[in-house]
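**Student:** Fold the following for me, if possible:
(2 chains)
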2 protein chains.
Amino acid sequence: VKQVGIVGLGLIGGSLALAIRRARPGEFRVLGYTRTAANAERASRMGIVDEVADSPVSAVTGAELAIVATPISATRDIFQQIAGCLPSGCIVTDVCSTKTEVMEWAEECLPQDVRFVGGHPMAGKETSGIEGAEVGLFDGCTYCLIPGERTSPESLQWMTDFVQGIGARPLVISASEHDEFVAGVSHLPFFVAAALVSATSSTPGWSQMSQLAAGGYRDTTRLALQNPQLGRDMCLTNQRNILWWIDNFAQQLGRFRDVIAADPKAVEGMLMDARRARQQWLEEHAKND
Amino acid sequence: VKQVGIVGLGLIGGSLALAIRRARPGEFRVLGYTRTAANAERASRMGIVDEVADSPVSAVTGAELAIVATPISATRDIFQQIAGCLPSGCIVTDVCSTKTEVMEWAEECLPQDVRFVGGHPMAGKETSGIEGAEVGLFDGCTYCLIPGERTSPESLQWMTDFVQGIGARPLVISASEHDEFVAGVSHLPFFVAAALVSATSSTPGWSQMSQLAAGGYRDTTRLALQNPQLGRDMCLTNQRNILWWIDNFAQQLGRFRDVIAADPKAVEGMLMDARRARQQWLEEHAKND
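**Tutor:** I've put the predicted structure just below:
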């Protein structure tokens, strides 16, 4: 029986624990650490892990695989805490939604003889925290794997198999490309959704206007419910890409604005192009749910 | 048995037919007209109406209630076609997503002795057309009613009862306020979603980047799947409000951009405000689904 140590049992860490135990029953023993007593109690009660560990160090001591599933802003500190007790040859990964800085932290903090492979499952839901943990969260989702200085070909292959084992689709990608891409498809939509809520809810007529908001508003603004701290951490570690994407988006919106102002009929063609691209994406890539 | 004539059996017209027959079984006889033979065949096969009419005129002749459920751009023409055969005292309504021009068309085209009450159910879904019609589409949704020159207190009350009868929540509102409000909560999100798809899908890296797009991207861009012709009609009949809302939104997004550029940490507070407003909206107004 091999040991997996997970530091951080939120939505992602908790769901990983469940998915690992479903995928390979009896093969792994999952130890999990979570910061608060309330969460530790929940992890036990919900049967998320085989054992609740009382510190990050005790979760990863003796582990074959160590998963750091904390918020970005806590990750460097956890790397430092566990660095001294990771077994030689142990594979270490994280789940952060930005990767360039995390890869640097790993190289700075972790010993030479562990294999670090950056990780980012493209999965999420409205209910954050351990309460939202579910065994099928990663089914069919893209799971980015980022090789770095501490990655060997064997450890990358091991992580690829591992990701497939929990039902996700591994995608090996560089940290810089990852951060460019997620700024467009994940961080930008977050700020767009938040700005849309700000624009609408700050107008004097909002109390009446809000009654007319329906399913379209609900979907377009759903990401505004995401954790504000996550948004801050994205900006702190991926600022340049986020600014580039906001500017690019603002330019496209300006193009729509100009056409609507000058020749409203012509907006139909632009909307047709957008619909076609959106349909194509759905057909090719979307998780079937 | 009273007669309801529906001109246009798309998503809204078809769902209204189903909802009326569920709400008041035996009380109404629903006649529906649809432009294409294929749709007429579907309406019969799916049991949408009691009888398929062969023209707009035959659908509304003898009707107690005439519902014009065509796209905005066809509505004025339908008003003209049916004007000569509407029974005196008949209530006429529409389902258009902009109201100022529609109210003018009604006053210009319809005879003095019919009671016109503008209507706009705030409901929709991805599957447009009669294939998407469902009996529960209006359950719990806000249904705007717009009084005009042809509206009597009795006809407004009748429509209010009617809307409640099909499970929706009537909201009496002026055409100008309606058009301002929907431009913010419905039209703006449409163009934001389309611009987001344009911005992301037009970049060189899109074929790889699209693999990282997940649930957040899917939700935020869902409205880009809406009918482009509807977008054109919105712009043709609600241009000024849409431009105002795009500018207001761009200003809010610019505020986010400036904070991210100058002091990334400070974005957390802005995101907290947006999340709070979004949560409050959901608790107070969202259709429970």
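
**Student:** Wait, residue A:67 touches residue A:3, no?
**Tutor:** No: the pair formed by residue A:67 and residue A:3 falls short of the contact definition of Cβ atoms under 8 Å, at 11.5 Å. Placement of C-beta: from N, CA and C, glycine included.

**Student:** neighbour count winner among the two?
**Tutor:** residue A:67 (26 against 20; other Cβ atoms under 10 Å in any protein chain shown).

**Student:** State the distance from residue A:181 to chain B.
**Tutor:** Look at residue A:181 and chain B: by Cβ to the nearest Cβ, to the nearest Å, they are 4 Å apart.

**Student:** Just confirm that residue is within a helix.
**Tutor:** Yes: in this structure, residue A:181 lies within a helix as judged by DSSP: H, G, I helix; E, B strand; the rest coil.

**Student:** Around chain B, which positions in the stretch 51-200 of chain A sit nearby?
**Tutor:** Within the stretch 51-200 of chain A, the residues that sit near chain B (Cβ under 8 Å from any Cβ of the partner chain) are A:122-125, A:141-142, A:144, A:171, A:173, A:177-178, A:180-182, A:184-186, A:188-200.

**Student:** Buried ones among these?
**Tutor:** A:122-124, A:141-142, A:144, A:171, A:173, A:177-178, A:180-182, A:184-186, A:188-200 (16 or more other Cβ atoms under 10 Å in any protein chain shown).

**Student:** OK, contacts around the closest residue in space to residue A:132 that isn't next to it in sequence?
**Tutor:** Leaving aside its sequence neighbours, residue A:132 sits nearest to residue A:11 (Cβ to Cβ, 6 or more residues apart in numbering or on different chains; 4.5 Å). With contacts defined as Cβ atoms under 8 Å, 6 or more residues apart in numbering or on different chains, residue A:11 is in contact with A:124-125, A:127-130, A:132-133, A:137.

**Student:** likewise residue A:34?
**Tutor:** With contacts taken as Cβ under 8 Å, 6+ apart, residue A:34 has the following neighbours: A:8-10, A:13, A:40, A:43, A:52, A:130.

**Student:** Including neighbour count and secondary structure, could those residues go into JSON lines?
**Tutor:** Written out in JSON lines, the entries for the contacts of residue A:34 read as follows (neighbours: other Cβ atoms under 10 Å in any protein chain shown; DSSP: H, G, I helix; E, B strand; the rest coil):
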{"residue": "A:8", "neighbour count": "27", "secondary structure": "coil"}
{"residue": "A:9", "neighbour count": "31", "secondary structure": "coil"}
{"residue": "A:10", "neighbour count": "21", "secondary structure": "coil"}
{"residue": "A:13", "neighbour count": "24", "secondary structure": "helix"}
{"residue": "A:40", "neighbour count": "19", "secondary structure": "helix"}
{"residue": "A:43", "neighbour count": "24", "secondary structure": "helix"}
{"residue": "A:52", "neighbour count": "19", "secondary structure": "strand"}
{"residue": "A:130", "neighbour count": "24", "secondary structure": "helix"}
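
**Student:** Of those residues, which pair is most distant in space?
**Tutor:** Longest distance between any two of these is 14.3 Å, between A:10 and A:52; criterion Cβ to Cβ.

**Student:** List the buried residues for stretch A:138-157?
**Tutor:** Neighbour-count burial for stretch A:138-157, with 16+ other Cβ under 10 Å as criterion, is recorded at A:138-139, A:141-148, A:150-151, A:155-156.

**Student:** and which of the residues you listed is nearest to chain B?
**Tutor:** residue A:142 (5.2 Å; Cβ to the nearest Cβ).

**Student:** What does the closest one show for phi and psi?
**Tutor:** Note on residue A:142: its backbone torsions stand at phi -70, psi 130 [degrees, to the nearest 10].

**Student:** ok, back up a step: identify those among the residues of the stretch 51-200 of chain A next to chain B that sit within strands.
**Tutor:** Secondary structure of these is defined by DSSP state E; positions in strands are A:142, A:144, A:171.

**Student:** Would you check that the first one makes contact with residue B:212?
**Tutor:** When you say that, I think you mean residue A:142. Yes: counting by Cβ under 8 Å, residue A:142 sits close enough to residue B:212 to count as a contact (5.8 Å).

**Student:** joint contacts of the two?
**Tutor:** A:122, A:171.

**Student:** re earlier: tell me which two of the buried residues of stretch A:138-157 sit farthest apart.
**Tutor:** Distances among the buried residues of stretch A:138-157 were taken as Cβ to Cβ; the most separated pair is A:139 and A:150, at 28.9 Å.

**Student:** what about stretch A:169-182, distance to the chain center?
**Tutor:** In terms of Cα atoms, centre = their mean, to the nearest Å, the centre of stretch A:169-182 is found 12 Å from the chain centre.

**Student:** before we move on, what about stretch A:15-34?
**Tutor:** For stretch A:15-34, the gap between its own C-alpha mean and the chain's C-alpha mean amounts to 19 Å (Cα atoms, centre = their mean).

**Student:** The lengthiest helix in chain A near chain B at all?
**Tutor:** Across chain A, the longest stretch assigned as helix under DSSP state H is helix A:228-262. Yes: looking at helix A:228-262 against chain B by Cβ under 8 Å from any Cβ, the contacts come from A:228-229, A:231-232, A:235-236, A:239, A:242-243, A:245-257, A:260-261.

**Student:** check contacts around the residue positioned nearest the centre of chain A.
**Tutor:** Most central in chain A under Cα atoms, centre = their mean is residue A:97, positioned 4.5 Å from the mean C-alpha point. Residues in contact with residue A:97 (Cβ under 8 Å, 6+ apart) are A:72, A:120, A:182, A:186-187, A:230, A:234.

**Student:** Next, work out how far apart it and chain B are.
**Tutor:** Applying Cβ to the nearest Cβ to residue A:97 and chain B gives a distance of 10 Å.

**Student:** What pLDDT is listed against that residue?
**Tutor:** Residue A:97 carries a pLDDT score of 96 in this model.

**Student:** before we move on, what about residue A:26?
**Tutor:** In the prediction, the pLDDT value recorded for residue A:26 is 87.

**Student:** Quick check: closest non-adjacent residue to it.
**Tutor:** By the measure of Cβ to Cβ, 6+ apart, the closest residue to residue A:26 outside its immediate chain neighbours is residue A:1, 7.1 Å from it.

**Student:** Please look at that neighbour and residue A:31 and confirm they touch.
**Tutor:** No: in terms of Cβ under 8 Å, residue A:1 does not count as a neighbour of residue A:31; the distance is 11.7 Å.

**Student:** more crowded one of those two?
**Tutor:** Shown here are residue A:1 and residue A:31; by other Cβ under 10 Å, residue A:31 has more neighbours (23 against 8).

**Student:** so which helix or strand takes in the more buried one?
**Tutor:** Residue A:31 belongs to strand A:28-33 when elements are defined using DSSP states H and E.

**Student:** Strand partners (parallel or antiparallel) of that strand?
**Tutor:** strand A:2-7 (parallel), strand A:51-52 (parallel) (DSSP bridges).

**Student:** Comparing the ones you listed, which comes out most buried?
**Tutor:** By mean neighbour count, with neighbours taken as mean count of other Cβ atoms under 10 Å in any protein chain shown, strand A:2-7 ranks first of the strands paired with strand A:28-33 at a mean of 24.

**Student:** For that strand, give the mean pLDDT please.
**Tutor:** This predicted structure assigns strand A:2-7 an average pLDDT of 97.

**Student:** Run the chain-centre distance for that strand.
**Tutor:** Centre-to-centre, strand A:2-7 and its host chain are 19 Å apart (Cα atoms, centre = their mean).

**Student:** what sits against the nearest residue to residue A:35 once chain neighbours are set aside?
**Tutor:** Distances taken as Cβ to Cβ, 6+ apart put residue A:8 closest to residue A:35, at 7.8 Å, once the chain neighbours are dropped. Contacts were defined as Cβ under 8 Å, 6+ apart; by that measure residue A:8 touches A:33-35, A:68-71, A:74, A:78.

**Student:** and stretch A:237-248, what's its mean pLDDT?
**Tutor:** In this model, stretch A:237-248 has an average pLDDT of 98.
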